[in-house]
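Engineer: Just to be clear, the model below is a prediction. Sequence and coordinates:
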Amino acid sequence: MARHRTGSVPPVRGSNGNFRRIWTAATVSHLGDGVTRAALPLLAASITRSPTAVAAVTLAESLPWLCFALLGGAIADRVDRRLAMVRTDAFRMLAMAGLGLAVVAGYESIPLICVVAFALGAAATVFDNAAQAILPAVVERDGLETANSRLYAAEIVTTSFVGPPLGSLLFAAAAAAPFLLDAGSFGLAAVLVLALRGAFAAERPEAPRAIRYDIAEGVRWLWRHRLLRSLAIGLGVLNLAFTAAMATFVLYALDVLHVSKVGYGVLLTTGAIGGLVGTAVVTRLSKRLGPGTLLTCSVLLMAACTLAPGIWPRVGVVVASLVVTGATDVGWNVVTVSLRQSIVPDHLLGRVNSAYRLLGWGTMPIGAALGGLIATNFGLRAPFLIGGVVTLGLAVVLAPIVRTGAIEAARAEAAAE
């Protein structure tokens, strides 16, 4: 079956107006996300000092990915993806504007913040699946890695470097300002996506059935595809191990490394520096080494960087580990996202993406819980040691499956359909 390519253009070039609009919309929206990333916890902390209540905000935002990820992917495959992105951004604009106005009026509360956070997360399950599924209709296959690396670069700069300090400053000046700015960013992003040229609904081989059948079809497709199934499970193991290691990182930094609270914040930015470097080199490395070799090397480096803080608790070692981890994380994401976009049939892309994310991201809460238990019983260095060993074992298992030859064969087979 031919892939639906309505509105497609040559690989990423300056004349690619559709990609420029998507990139600009993503950059604007991520800037708002970065602002809110700092401001939302500050708002919660200004209401209560209860760790449980503050943590409930994070839980509310992440919970929709466990509840609605598969549904969001099915919706992205049933509607015009451009309009799905526009409507969810408009919904998020209204939600953030409502929170901002509530703060102005003095009606902020933890339950209200949790409701807004849950609404944002639920909308993201549709938006993110539609955004990944729309990209192959905007750039050709050989431009996907370049396009994804540019999108990741914009996300890292705005959400990790520019957005959080701006959010803190705005919150200090006027508590409602960050949320109203984020609402504006969603509105502007919606306008930019609405300006995309072309129609972006997937061509389906048959009329849509009940949505549960659509969801089951996407799950079955992923499970039967050995390469993508292995990558999804591998991502789940990676996230389990890394989240376990980082769950008590703040205590490791303060009590083992003996850095200040400001130093802890600086440590967190080093991963973003590595991620930015990764976006600049991932496409060239993938072509030079081959995508399979790059993935295997990424997992091996992640294992070493997870083990290192447990073996050598030194600030310099941790900084180097975080920088390399940030770079390898981007390498993994760019290659695997581009691979899914190039080999999954267009009418299934949203559903397969959502099933993939459920396997890959659903382990993170488990990892956080395990990390706390391990640190409590065996010390703050133990989660790094155990996480590193688990990641090293994953590299051994994945290496023969994610060979470059297998990846190229999967791409060739998809291109021939």
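Structural biologist: Good, I have the coordinates.
Engineer: can you give me the mean pLDDT across stretch 97-115?
Structural biologist: For stretch 97-115, mean pLDDT is 95.
Engineer: Equivalent analysis for stretch 226-240, please.
Structural biologist: 94.
Engineer: contacts for it?
Structural biologist: For stretch 226-240, the surrounding residues in contact (CB atoms under 8 Å, 6 or more residues apart in numbering) are 222-223, 295, 299, 302, 332, 336, 339-340, 343-344, 352, 355-356, 359-364, 366-367, 370, 390-391, 394, 397-398, 401-402, 406-407, 410. Any C-beta I mention is one placed from the backbone N, CA and C, and that applies to glycine too.
Engineer: Give me the distance from it to the chain's centre.
Structural biologist: Centroid separation for stretch 226-240 versus its chain: 15 Å, with CA atoms, centre = their mean, to the nearest Å.
Engineer: still on that earlier bit, narrow the contacts of stretch 226-240 to those that are buried.
Structural biologist: Neighbour counting by 16 or more other CB atoms under 10 Å classes 222, 295, 299, 302, 332, 336, 339-340, 343-344, 352, 355-356, 359-361, 363-364, 367, 370, 390-391, 394, 398, 401-402, 406-407, 410 among the contacts of stretch 226-240 as buried.
Engineer: Which of those fall within helices?
Structural biologist: Of the buried ones among the contacts of stretch 226-240, the ones assigned to helices by DSSP state H are 222, 295, 299, 302, 332, 336, 339-340, 343, 352, 355-356, 359-361, 364, 367, 370, 390-391, 394, 398, 406-407, 410.
Engineer: Restricting to C-alpha, output stretch 308-323 in CSV.
Structural biologist: The C-alpha trace of stretch 308-323 is given here as CSV (Å, rounded to 0.1, in the frame of the first residue of the first chain):
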residue,chain,number,x,y,z
ALA,A,308,30.1,6.0,36.9
PRO,A,309,28.4,8.1,39.6
GLY,A,310,27.9,4.9,41.7
ILE,A,311,31.6,3.9,41.3
TRP,A,312,33.2,7.4,41.4
PRO,A,313,31.1,9.9,43.4
ARG,A,314,32.9,13.0,42.1
VAL,A,315,31.4,16.2,40.7
GLY,A,316,33.5,16.0,37.5
VAL,A,317,32.5,12.4,36.9
VAL,A,318,28.8,13.2,37.3
VAL,A,319,29.0,16.2,35.1
ALA,A,320,30.7,14.2,32.3
SER,A,321,28.2,11.4,32.8
LEU,A,322,25.2,13.7,32.5
VAL,A,323,26.6,15.5,29.4
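Engineer: so who does G121 touch?
Structural biologist: Contacts of G121 (CB under 8 Å, 6+ apart): 60-65.
Engineer: Do a quick rundown of the helices in the stretch 51-200 of the chain.
Structural biologist: Assigned helices in the stretch 51-200 of the chain, in chain order: 51-78, 81-105, 110-134, 144-156, 163-173, 177-194 (criterion: DSSP state H, counting those that start in this stretch).
Engineer: A320 sits in which helix or strand?
Structural biologist: Using DSSP states H and E, A320 falls within helix 315-343.
Engineer: what's that helix packed up against?
Structural biologist: If you count contacts as 3 or more CB pairs under 8 Å, 6 or more residues apart in numbering; DSSP states H and E, helix 315-343 packs onto helix 110-134, helix 144-156, helix 226-246, helix 261-289, helix 291-311, helix 349-361, helix 404-416.
Engineer: how distant is the fifth one from the center of its chain?
Structural biologist: This points to helix 291-311. 19 Å.
Engineer: Equivalent analysis for the longest one, please.
Structural biologist: Here the centre of helix 261-289 is set off from its chain's centre by 15 Å, with CA atoms, centre = their mean.
Engineer: ok, now stretch 304-312?
Structural biologist: With CA atoms, centre = their mean, you get 24 Å for stretch 304-312.
Engineer: Name the residues of it that are buried.
Structural biologist: Residues 304-310 are the ones in stretch 304-312 that count as buried (16+ other CB under 10 Å).
Engineer: can the residues you listed go into a markdown table with extra columns for distance to S160 and pLDDT?
Structural biologist: As requested, the buried residues of stretch 304-312 are exported to a markdown table (distance: CB to CB, whole Å; pLDDT from 0 to 100):
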| residue | distance to S160 | pLDDT |
| --- | --- | --- |
| A304 | 23 | 96 |
| C305 | 18 | 96 |
| T306 | 20 | 96 |
| L307 | 24 | 96 |
| A308 | 22 | 96 |
| P309 | 20 | 95 |
| G310 | 25 | 95 |
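Engineer: closest to L188 among those residues?
Structural biologist: Of all the buried residues of stretch 304-312, L188 sits closest to C305, with 37.0 Å by CB to CB.
Engineer: Return the member of the contacts of G121 nearest to A90.
Structural biologist: Distance ranking of those against A90, using CB to CB, places P64 first at 17.7 Å.
Engineer: Please state the offset of the helix or strand of the chain with the lowest mean pLDDT from the chain centre?
Structural biologist: Least confident helix or strand of the chain, by mean pLDDT, DSSP states H and E, is helix 249-251 with a mean of 78. How far helix 249-251 lies from its chain's middle: 22 Å, per CA atoms, centre = their mean.
Engineer: which residues are contacting that helix?
Structural biologist: For helix 249-251, contacts defined as CB under 8 Å, 6+ apart pick out 264, 375, 380.
Engineer: For that helix, buried residues please.
Structural biologist: Using 16+ other CB under 10 Å as the test for burial, helix 249-251 gives F249.
Engineer: So that it lines up with my notes, have the first residue be 35 from now on.
Structural biologist: Let's use 35 as the start, then, which means that last one is helix 283-285.
Engineer: Tell me where the model's unsure across the stretch 185-334 of the chain.
Structural biologist: Residue ranges of the stretch 185-334 of the chain with pLDDT under 70: 241-242, 295-296, 299, 302.
Engineer: would you list the buried residues of stretch 338-346 in JSON lines and tack on distance to L76?
Structural biologist: Converted to JSON lines, the buried residues of stretch 338-346 look like this (distance: CB to CB, whole Å):
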{"residue": "A338", "distance to L76": "35"}
{"residue": "C339", "distance to L76": "30"}
{"residue": "T340", "distance to L76": "30"}
{"residue": "L341", "distance to L76": "34"}
{"residue": "A342", "distance to L76": "32"}
{"residue": "P343", "distance to L76": "28"}
{"residue": "G344", "distance to L76": "32"}
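Engineer: Identify, from the residues you listed, the entry nearest to L215.
Structural biologist: The shortest gap between L215 and any of these belongs to C339, at 34.7 Å (CB to CB).
Engineer: wait, the closest one sits on V358?
Structural biologist: Yes. Using CB atoms under 8 Å, C339 is in contact with V358, at 5.0 Å.
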